[in-house]
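Novice: no FASTA, just this:
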(Lines give C-alpha, C1' and ligand atoms only; values in the text may rest on other atoms or scores of the structure.)
Protein backbone atom coordinates (compact mmCIF):
# COMPACT_ATOMS: atom_id res chain seq x y z
CA UNK A 1 0.00 0.00 0.00
CA UNK A 2 1.38 3.36 -0.98
CA UNK A 3 0.22 6.76 0.38
CA UNK A 4 1.40 10.33 0.54
CA UNK A 5 1.69 12.23 3.82
CA UNK A 6 1.91 16.05 3.54
CA UNK A 7 3.50 18.04 6.33
CA UNK A 8 4.53 21.66 5.85
CA UNK A 9 5.16 21.24 2.11
CA UNK A 10 7.08 17.92 2.41
CA UNK A 11 5.62 14.74 0.98
CA UNK A 12 6.68 11.30 2.15
CA UNK A 13 5.99 8.15 0.20
CA UNK A 14 5.23 5.23 2.41
CA UNK A 15 5.26 1.69 1.38
CA UNK A 16 4.90 -1.57 3.13
CA UNK A 17 8.58 -2.25 2.83
CA UNK A 18 9.77 1.18 3.74
CA UNK A 19 7.37 1.85 6.58
CA UNK A 20 9.74 1.00 9.31
CA UNK A 21 12.56 3.13 7.93
CA UNK A 22 10.48 6.22 7.92
CA UNK A 23 8.29 5.56 10.93
CA UNK A 24 10.28 7.53 13.42
CA UNK A 25 10.76 10.46 11.09
CA UNK A 26 7.10 10.49 10.25
CA UNK A 27 6.09 10.50 13.90
CA UNK A 28 8.26 13.56 14.50
CA UNK A 29 6.66 15.40 11.60
CA UNK A 30 3.17 14.48 12.63
CA UNK A 31 3.81 15.60 16.21
CA UNK A 32 5.18 18.93 15.00
CA UNK A 33 2.19 19.42 12.71
CA UNK A 34 -0.27 18.71 15.47
CA UNK A 35 1.56 20.97 17.92
CA UNK A 36 1.68 23.76 15.41
CA UNK A 37 -2.08 23.38 14.72
CA UNK A 38 -2.92 23.43 18.42
CA UNK A 39 -0.82 26.52 19.06
CA UNK A 40 -2.47 28.29 16.11
CA UNK A 41 -5.94 27.38 17.33
CA UNK A 42 -5.11 28.61 20.86
CA UNK A 43 -3.83 31.95 19.64
CA UNK A 44 -6.94 32.48 17.47
CA UNK A 45 -9.26 31.67 20.36
CA UNK A 46 -7.39 34.10 22.63
CA UNK A 47 -7.73 36.89 20.08
CA UNK A 48 -11.44 36.23 19.61
CA UNK A 49 -12.05 36.29 23.35
CA UNK A 50 -10.27 39.62 23.71
CA UNK A 51 -12.30 41.20 20.91
CA UNK A 52 -15.57 40.15 22.67
CA UNK A 53 -14.89 41.73 26.08
CA UNK A 54 -18.02 43.45 27.51
CA UNK A 55 -18.19 47.24 27.54
CA UNK A 56 -16.72 48.70 30.71
CA UNK A 57 -19.29 49.69 33.37
CA UNK A 58 -19.71 53.42 33.90
CA UNK A 59 -18.00 54.76 36.99
CA UNK A 60 -20.12 54.86 40.11
CA UNK A 61 -21.64 58.22 40.86
CA UNK A 62 -19.87 60.33 43.41
CA UNK A 63 -21.57 61.56 46.52
CA UNK A 64 -22.03 65.05 44.99
CA UNK A 65 -23.50 63.91 41.70
CA UNK A 66 -25.57 61.08 43.02
CA UNK A 67 -29.33 61.70 42.83
CA UNK A 68 -31.30 60.77 45.88
CA UNK A 69 -33.10 57.51 45.61
CA UNK A 70 -36.82 57.88 44.99
CA UNK A 71 -38.91 56.70 47.87
CA UNK A 72 -41.01 53.63 47.29
CA UNK A 73 -44.42 54.61 45.99
CA UNK A 74 -47.12 54.61 48.58
CA UNK A 75 -49.66 51.85 48.39
CA UNK A 76 -52.54 52.80 46.09
CA UNK A 77 -54.98 50.82 48.19
CA UNK A 78 -56.60 53.27 50.60
CA UNK A 79 -57.16 52.04 54.05
CA UNK A 80 -60.80 51.13 54.31
CA UNK A 81 -62.67 53.21 56.90
CA UNK A 82 -64.12 51.38 59.81
CA UNK A 83 -67.58 50.10 58.93
CA UNK A 84 -70.46 51.57 60.84
CA UNK A 85 -72.90 49.09 62.28
CA UNK A 86 -75.91 48.51 60.06
CA UNK A 87 -78.32 49.33 62.86
CA UNK A 88 -77.96 51.53 65.87
CA UNK A 89 -80.80 51.84 68.34
CA UNK A 90 -79.64 55.29 69.44
CA UNK A 91 -79.40 56.61 65.86
CA UNK A 92 -82.79 55.15 65.01
CA UNK A 93 -84.38 56.75 68.07
CA UNK A 94 -82.70 60.08 67.28
CA UNK A 95 -83.95 59.97 63.69
CA UNK A 96 -87.50 59.18 64.79
CA UNK A 97 -87.39 62.06 67.24
CA UNK A 98 -86.23 64.48 64.54
CA UNK A 99 -88.95 63.32 62.16
CA UNK A 100 -91.61 63.61 64.85
CA UNK A 101 -90.45 67.13 65.68
CA UNK A 102 -90.50 68.11 62.00
CA UNK A 103 -94.03 66.74 61.60
CA UNK A 104 -95.20 68.53 64.75
CA UNK A 105 -93.75 71.82 63.51
CA UNK A 106 -95.37 71.40 60.09
CA UNK A 107 -98.72 70.59 61.68
CA UNK A 108 -98.42 73.59 63.99
CA UNK A 109 -97.74 75.90 61.03
CA UNK A 110 -100.62 74.44 59.04
CA UNK A 111 -102.99 74.63 62.00
CA UNK A 112 -102.09 78.23 62.71
CA UNK A 113 -102.69 79.11 59.07
CA UNK A 114 -106.01 77.27 58.86
CA UNK A 115 -107.56 78.41 62.14
CA UNK A 116 -108.83 81.60 60.57
CA UNK A 117 -110.99 80.79 57.55
CA UNK A 118 -110.09 82.49 54.29
CA UNK A 119 -112.62 83.83 51.82
CA UNK A 120 -112.59 85.21 48.33
CA UNK A 121 -115.07 86.80 45.95
CA UNK A 122 -116.25 84.57 43.13
CA UNK A 123 -117.28 85.59 39.63
CA UNK A 124 -120.80 86.35 40.83
CA UNK A 125 -119.57 88.71 43.54
CA UNK A 126 -120.30 86.24 46.35
CA UNK A 127 -118.01 85.70 49.32
CA UNK A 128 -116.96 82.04 49.15
CA UNK A 129 -114.34 79.88 50.91
CA UNK A 130 -110.73 80.19 49.78
CA UNK A 131 -109.59 76.56 49.90
CA UNK A 132 -106.12 75.47 51.02
CA UNK A 133 -106.65 71.76 50.23
CA UNK A 134 -106.45 70.34 46.70
CA UNK A 135 -110.19 69.78 46.27
CA UNK A 136 -113.43 70.08 48.23
CA UNK A 137 -117.17 70.10 47.87
CA UNK A 138 -120.40 70.77 49.80
CA UNK A 139 -123.24 68.64 48.43
CA UNK A 140 -126.95 68.52 49.29
CA UNK A 141 -127.58 64.75 49.17
CA UNK A 142 -131.35 65.13 49.04
CA UNK A 143 -131.31 67.04 45.77
CA UNK A 144 -127.78 66.21 44.60
CA UNK A 145 -127.15 69.97 44.42
CA UNK A 146 -123.58 71.19 44.61
CA UNK A 147 -123.72 74.07 47.08
CA UNK A 148 -120.04 74.93 46.71
CA UNK A 149 -117.05 73.22 45.13
CA UNK A 150 -113.46 73.63 44.07
CA UNK A 151 -111.77 71.04 41.83
CA UNK A 152 -114.53 68.61 42.83
CA UNK A 153 -114.30 66.66 39.56
CA UNK A 154 -110.50 66.17 39.71
CA UNK A 155 -109.56 62.52 40.08
CA UNK A 156 -107.23 61.92 43.03
CA UNK A 157 -106.03 59.17 45.34
CA UNK A 158 -108.49 58.76 48.20
CA UNK A 159 -106.58 56.48 50.58
CA UNK A 160 -108.73 54.98 53.36
CA UNK A 161 -111.96 56.64 52.24
CA UNK A 162 -111.89 53.48 50.10
CA UNK A 163 -113.12 51.62 53.20
CA UNK A 164 -116.56 53.21 52.85
CA UNK A 165 -117.07 51.18 49.69
CA UNK A 166 -115.50 48.13 51.36
CA UNK A 167 -118.15 48.26 54.08
CA UNK A 168 -120.93 48.90 51.55
CA UNK A 169 -120.02 45.90 49.39
CA UNK A 170 -119.41 43.57 52.34
CA UNK A 171 -122.79 44.29 53.94
CA UNK A 172 -124.92 44.34 50.79
CA UNK A 173 -125.66 40.61 51.08
CA UNK A 174 -126.47 40.77 54.81
CA UNK A 175 -123.71 38.48 56.09
CA UNK A 176 -123.69 37.05 59.60
CA UNK A 177 -121.74 39.68 61.53
CA UNK A 178 -121.37 37.33 64.52
CA UNK A 179 -119.28 34.94 62.43
CA UNK A 180 -115.77 34.32 63.82
CA UNK A 181 -112.79 35.15 61.62
CA UNK A 182 -109.16 34.13 62.14
CA UNK A 183 -106.67 36.77 61.06
CA UNK A 184 -104.06 35.38 58.68
CA UNK A 185 -100.45 36.44 58.18
CA UNK A 186 -101.30 37.81 54.76
CA UNK A 187 -103.90 40.13 56.32
CA UNK A 188 -101.36 41.86 58.54
CA UNK A 189 -98.34 41.74 56.18
CA UNK A 190 -97.21 45.32 55.48
CA UNK A 191 -100.60 46.55 56.59
CA UNK A 192 -99.15 49.83 57.88
CA UNK A 193 -102.04 50.74 60.18
CA UNK A 194 -103.41 47.81 62.16
CA UNK A 195 -104.09 46.61 65.67
CA UNK A 196 -104.25 42.98 64.60
CA UNK A 197 -101.83 40.07 64.74
CA UNK A 198 -101.78 36.79 62.89
CA UNK A 199 -104.04 34.16 64.51
CA UNK A 200 -106.24 36.72 66.28
CA UNK A 201 -109.82 35.48 66.30
CA UNK A 202 -112.75 37.91 66.39
CA UNK A 203 -116.16 38.49 64.87
CA UNK A 204 -117.03 40.16 61.58
CA UNK A 205 -118.67 42.96 63.57
CA UNK A 206 -115.38 43.56 65.41
CA UNK A 207 -113.56 43.78 62.07
CA UNK A 208 -116.10 46.32 60.80
CA UNK A 209 -115.53 48.49 63.88
CA UNK A 210 -111.77 48.28 63.52
CA UNK A 211 -111.97 49.18 59.83
CA UNK A 212 -114.36 52.14 60.08
CA UNK A 213 -113.26 53.60 63.43
CA UNK A 214 -109.51 52.96 63.58
CA UNK A 215 -109.07 52.67 59.80
CA UNK A 216 -107.45 49.26 60.29
CA UNK A 217 -106.06 47.95 56.99
CA UNK A 218 -105.71 44.32 58.11
CA UNK A 219 -109.38 44.32 59.11
CA UNK A 220 -110.36 45.50 55.62
CA UNK A 221 -108.27 42.73 54.03
CA UNK A 222 -109.76 40.09 56.31
CA UNK A 223 -113.32 41.18 55.48
CA UNK A 224 -112.61 41.02 51.75
CA UNK A 225 -111.02 37.59 52.14
CA UNK A 226 -113.97 36.03 54.01
CA UNK A 227 -116.62 37.67 51.83
CA UNK A 228 -118.59 35.65 49.31
CA UNK A 229 -116.47 37.20 46.52
CA UNK A 230 -113.01 36.35 47.82
CA UNK A 231 -110.12 38.89 47.72
CA UNK A 232 -109.86 39.42 43.94
CA UNK A 233 -113.58 39.15 43.31
CA UNK A 234 -114.25 41.60 46.12
CA UNK A 235 -112.32 44.42 44.40
CA UNK A 236 -114.15 43.66 41.15
CA UNK A 237 -117.44 43.98 42.98
CA UNK A 238 -116.32 47.31 44.48
CA UNK A 239 -115.78 48.67 40.97
CA UNK A 240 -119.11 47.25 39.77
CA UNK A 241 -120.84 48.97 42.69
CA UNK A 242 -119.17 52.26 41.79
CA UNK A 243 -120.62 51.97 38.29
CA UNK A 244 -124.07 51.16 39.69
CA UNK A 245 -123.94 54.27 41.89
CA UNK A 246 -122.83 56.45 38.98
CA UNK A 247 -119.41 57.21 40.47
CA UNK A 248 -117.75 57.85 37.12
CA UNK A 249 -114.41 59.10 38.47
CA UNK A 250 -113.97 56.22 40.91
CA UNK A 251 -111.77 53.15 40.59
CA UNK A 252 -110.64 50.72 43.30
CA UNK A 253 -107.46 48.61 43.45
CA UNK A 254 -107.62 47.11 46.96
CA UNK A 255 -110.10 47.07 49.87
CA UNK A 256 -107.95 49.01 52.37
CA UNK A 257 -106.93 52.10 50.39
CA UNK A 258 -103.21 51.54 50.83
CA UNK A 259 -102.64 51.57 47.08
CA UNK A 260 -102.51 54.94 45.39
CA UNK A 261 -104.50 53.44 42.48
CA UNK A 262 -107.66 53.82 44.57
CA UNK A 263 -108.89 57.05 42.97
CA UNK A 264 -112.01 59.16 42.92
CA UNK A 265 -113.21 62.76 43.05
CA UNK A 266 -114.62 64.91 45.81
CA UNK A 267 -117.97 64.87 44.00
CA UNK A 268 -118.10 61.06 43.85
CA UNK A 269 -117.05 60.67 47.48
CA UNK A 270 -119.71 63.10 48.63
CA UNK A 271 -122.34 60.96 46.92
CA UNK A 272 -120.82 57.74 48.33
CA UNK A 273 -120.71 58.94 51.96
CA UNK A 274 -124.36 60.03 51.66
CA UNK A 275 -125.32 56.65 50.23
CA UNK A 276 -123.40 54.65 52.85
CA UNK A 277 -124.82 56.68 55.74
CA UNK A 278 -128.29 55.46 54.83
CA UNK A 279 -127.19 52.04 56.14
CA UNK A 280 -127.36 52.38 59.90
CA UNK A 281 -124.95 49.45 60.30
CA UNK A 282 -122.30 51.66 58.70
CA UNK A 283 -123.23 55.14 59.94
CA UNK A 284 -123.63 54.07 63.57
CA UNK A 285 -120.08 52.70 63.58
CA UNK A 286 -118.78 55.89 61.94
CA UNK A 287 -120.33 57.96 64.72
CA UNK A 288 -118.52 55.95 67.42
CA UNK A 289 -115.51 57.78 68.85
CA UNK A 290 -113.97 54.84 70.74
CA UNK A 291 -114.50 51.11 70.95
CA UNK A 292 -113.03 47.89 72.36
CA UNK A 293 -112.96 44.47 70.74
CA UNK A 294 -111.91 41.21 72.31
CA UNK A 295 -109.95 38.57 70.47
CA UNK A 296 -109.22 35.00 71.55
CA UNK A 297 -106.23 36.24 73.56
CA UNK A 298 -106.52 39.97 74.32
CA UNK A 299 -108.63 43.11 74.33
CA UNK A 300 -108.01 45.89 71.79
CA UNK A 301 -109.15 49.43 72.61
CA UNK A 302 -109.00 52.13 69.92
CA UNK A 303 -110.22 55.63 69.04
CA UNK A 304 -111.71 57.10 65.90
CA UNK A 305 -109.43 58.86 63.42
CA UNK A 306 -112.22 61.40 62.86
CA UNK A 307 -111.46 64.29 65.22
CA UNK A 308 -114.76 66.02 64.48
CA UNK A 309 -116.65 63.48 66.58
CA UNK A 310 -117.83 64.94 69.88
CA UNK A 311 -117.40 68.59 68.87
CA UNK A 312 -120.18 71.03 69.71
CA UNK A 313 -119.89 73.11 66.53
CA UNK A 314 -120.50 70.23 64.08
CA UNK A 315 -122.78 67.19 64.20
CA UNK A 316 -121.26 64.25 62.36
CA UNK A 317 -123.72 61.69 60.96
CA UNK A 318 -121.02 59.69 59.16
CA UNK A 319 -117.42 60.19 58.20
CA UNK A 320 -114.21 58.55 57.10
CA UNK A 321 -110.61 59.78 57.04
CA UNK A 322 -107.85 58.81 54.65
CA UNK A 323 -104.15 59.40 54.23
CA UNK A 324 -101.24 58.16 52.17
CA UNK A 325 -98.45 60.32 50.84
CA UNK A 326 -99.97 60.32 47.34
CA UNK A 327 -103.40 61.46 48.50
CA UNK A 328 -102.58 63.92 51.24
CA UNK A 329 -104.98 64.22 54.18
CA UNK A 330 -108.59 63.47 53.23
CA UNK A 331 -111.97 63.51 54.96
CA UNK A 332 -115.48 62.61 53.76
CA UNK A 333 -118.31 63.52 56.15
CA UNK A 334 -122.03 63.80 56.34
CA UNK A 335 -122.97 66.70 58.65
CA UNK A 336 -126.24 67.96 60.06
CA UNK A 337 -126.58 71.73 60.05
CA UNK A 338 -127.26 73.13 63.55
CA UNK A 339 -130.15 75.49 62.78
CA UNK A 340 -131.98 73.89 59.90
CA UNK A 341 -131.28 70.21 60.53
CA UNK A 342 -130.35 69.95 56.86
CA UNK A 343 -127.80 67.22 56.06
CA UNK A 344 -124.89 68.02 53.77
CA UNK A 345 -121.95 65.99 52.53
CA UNK A 346 -118.64 67.80 52.95
CA UNK A 347 -115.52 66.28 51.40
CA UNK A 348 -111.96 67.64 51.62
CA UNK A 349 -109.20 65.96 49.61
CA UNK A 350 -105.47 66.64 49.64
CA UNK A 351 -105.15 68.79 52.75
CA UNK A 352 -101.58 69.46 53.81
CA UNK A 353 -101.86 68.23 57.40
CA UNK A 354 -103.96 66.07 59.66
CA UNK A 355 -105.36 69.10 61.47
CA UNK A 356 -105.86 70.94 58.19
CA UNK A 357 -108.54 68.57 56.87
CA UNK A 358 -110.68 68.99 60.00
CA UNK A 359 -110.25 72.77 60.10
CA UNK A 360 -111.14 73.07 56.41
CA UNK A 361 -114.29 71.00 57.02
CA UNK A 362 -115.29 73.11 60.01
CA UNK A 363 -114.67 76.32 58.07
CA UNK A 364 -116.81 75.10 55.17
CA UNK A 365 -119.55 74.10 57.59
CA UNK A 366 -119.40 77.48 59.30
CA UNK A 367 -119.58 79.34 55.99
CA UNK A 368 -122.55 77.20 54.94
CA UNK A 369 -124.35 77.82 58.23
CA UNK A 370 -124.00 81.58 57.76
CA UNK A 371 -125.24 81.32 54.18
CA UNK A 372 -127.93 78.69 54.74
CA UNK A 373 -130.87 81.10 54.56
CA UNK A 374 -130.06 81.99 50.96
CA UNK A 375 -128.40 78.80 49.73
CA UNK A 376 -131.13 76.36 50.78
CA UNK A 377 -133.85 78.72 49.54
CA UNK A 378 -132.84 78.16 45.90
CA UNK A 379 -134.18 75.21 43.96
CA UNK A 380 -131.33 75.07 41.48
CA UNK A 381 -127.72 74.12 42.08
CA UNK A 382 -125.39 76.97 42.87
CA UNK A 383 -122.62 75.24 40.92
CA UNK A 384 -123.04 72.21 38.71
CA UNK A 385 -119.78 70.44 37.90
CA UNK A 386 -119.31 69.09 34.39
CA UNK A 387 -120.42 65.49 34.13
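Specialist: Happy to help now that I have it. Treat the numbers as computed from the prediction; the structure is a model and nothing was measured.

Novice: going forward, measure contacts and count neighbours with C-alpha atoms only.
Specialist: Fine.

Novice: how near is residue 149 to residue 242?
Specialist: For residue 149, the distance to residue 242 equals 21 Å [CA to CA, to the nearest Å].

Novice: more crowded one of the two?
Specialist: Ranked by neighbour count (other CA atoms under 10 Å), residue 149 and residue 242 place residue 149 first, with 24 against 20.

Novice: tell me the phi and psi of the more buried one?
Specialist: For residue 149, the backbone dihedrals (degrees, to the nearest 10) come out as phi -160, psi 160.

Novice: if I pick it, what's in contact with it?
Specialist: The contact partners of residue 149, taken as CA atoms under 8 Å, 6 or more residues apart in numbering, are 135-138, 383.

Novice: same question, residue 120
Specialist: Contacts of residue 120 (CA under 8 Å, 6+ apart): 127-130.

Novice: So what pairs up with it in the strands?
Specialist: Legend: beta-bridge partners of residue 120 under DSSP bridges are residue 128.

Novice: next one: residue 319
Specialist: Note on residue 319: beta-bridge partners by DSSP bridges are residue 333.

Novice: any residues touching stretch 222-229, and which ones?
Specialist: Outside stretch 222-229, the residues touching it (CA under 8 Å, 6+ apart) are 166, 170, 181, 183-184, 187, 204, 207-208, 230-231, 234, 237, 255.

Novice: Most neighbours among these, which one?
Specialist: residue 255 (30 neighbours).

Novice: That residue: what's it in contact with?
Specialist: Residue 255 neighbours (CA under 8 Å, 6+ apart): 162-163, 166, 220-221, 224, 234-235.

Novice: Which helix or which strand is home to it?
Specialist: For residue 255, there is no enclosing helix or strand under DSSP states H and E.

Novice: ok so residue 362 is a helix residue?
Specialist: Yes - with DSSP: H, G, I helix; E, B strand; the rest coil as the criterion, residue 362 is part of a helix.

Novice: Per-residue pLDDT of the most centrally placed residue in the chain, please?
Specialist: Compute the mean C-alpha point of the chain, and by CA atoms, centre = their mean the closest residue is residue 325, 10.7 Å away. Here the pLDDT value assigned to residue 325 is 95.

Novice: With residue 27 instead?
Specialist: Residue 27 is assigned 55 on the pLDDT scale.

Novice: from the contacts of stretch 222-229, which has minimum pLDDT?
Specialist: Within the contacts of stretch 222-229, residue 231 has the lowest pLDDT, namely 91.

Novice: Mind giving me the packing neighbours of the host helix or strand of that one?
Specialist: Assigned by DSSP H and E, residue 231 belongs to helix 230-244. Identification of packing neighbours for helix 230-244 by 3 or more CA pairs under 8 Å, 6 or more residues apart in numbering; DSSP states H and E yields helix 162-171, helix 217-226.

Novice: List the buried residues of the last one.
Specialist: I take that to be helix 217-226. In terms of neighbour count (16 or more other CA atoms under 10 Å), helix 217-226 has its buried residues at 217-225.

Novice: quick one on the thing from earlier: would CSV of the helices and strands packed on helix 230-244 with distance to residue 106 be doable?
Specialist: Shown next, in CSV, are the helices and strands packed on helix 230-244 (distance: least, CA to CA, whole Å):
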stretch, distance to residue 106
helix 162-171, 26
helix 217-226, 26
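
Novice: Relative to residue 366, which of the ones you listed is closest?
Specialist: Nearest to residue 366, of all the helices and strands packed on helix 230-244, is helix 162-171, at 25.3 Å by CA to CA.

Novice: residues making contact with the closest one?
Specialist: Under the contact criterion CA under 8 Å, 6+ apart, helix 162-171 has outside partners 208, 211-212, 215, 220, 223-224, 227, 234, 237-238, 241, 252, 255-257, 262, 272-273, 276, 282, 320.

Novice: before we move on, what about stretch 267-276?
Specialist: 137-139, 141, 144, 152-153, 164-165, 168, 245, 247-250, 282-283, 318-319, 332-334, 345-347.

Novice: Just the buried ones from those residues?
Specialist: 137-139, 141, 144, 152-153, 164-165, 168, 247-250, 282-283, 318-319, 332-334, 345-347.

Novice: Which parts of this structure are helices?
Specialist: Along the chain, counting by DSSP state H, helices occupy 19-51, 89-115, 162-171, 185-188, 204-213, 217-226, 230-244, 266-277, 280-286, 354-375.

Novice: which of the ones you listed has the lowest average pLDDT?
Specialist: helix 19-51 (a mean of 52).

Novice: I'd like the distance from stretch 335-344 to the chain centre, please.
Specialist: In terms of CA atoms, centre = their mean, to the nearest Å, the centre of stretch 335-344 is set 42 Å apart from its chain centre.

Novice: which parts of it are buried?
Specialist: 335-337, 343-344.

Novice: ok so, going back, which of the helices and strands packed on helix 230-244 sits closest to residue 194?
Specialist: Closest among those, using CA to CA: helix 217-226, at 5.8 Å.

Novice: now the angle from that closest one to helix 204-213?
Specialist: 130 degrees (axes from the mean of the first three to the mean of the last three CA atoms, to 10 degrees).

Novice: still on that earlier bit, how near is the residue nearest to the centre of the chain to residue 160?
Specialist: With CA to CA as the criterion, residue 325 and residue 160 are 12 Å apart.

Novice: what touches both of these two?
Specialist: Joint contacts of residue 325 and residue 160 (CA under 8 Å, 6+ apart) do not exist.

Novice: before we move on, the earlier item: right, and the helices and strands packed on helix 230-244 - which one's nearest residue 289?
Specialist: Set against residue 289 and scored by CA to CA, those come closest in helix 162-171, at 16.7 Å.
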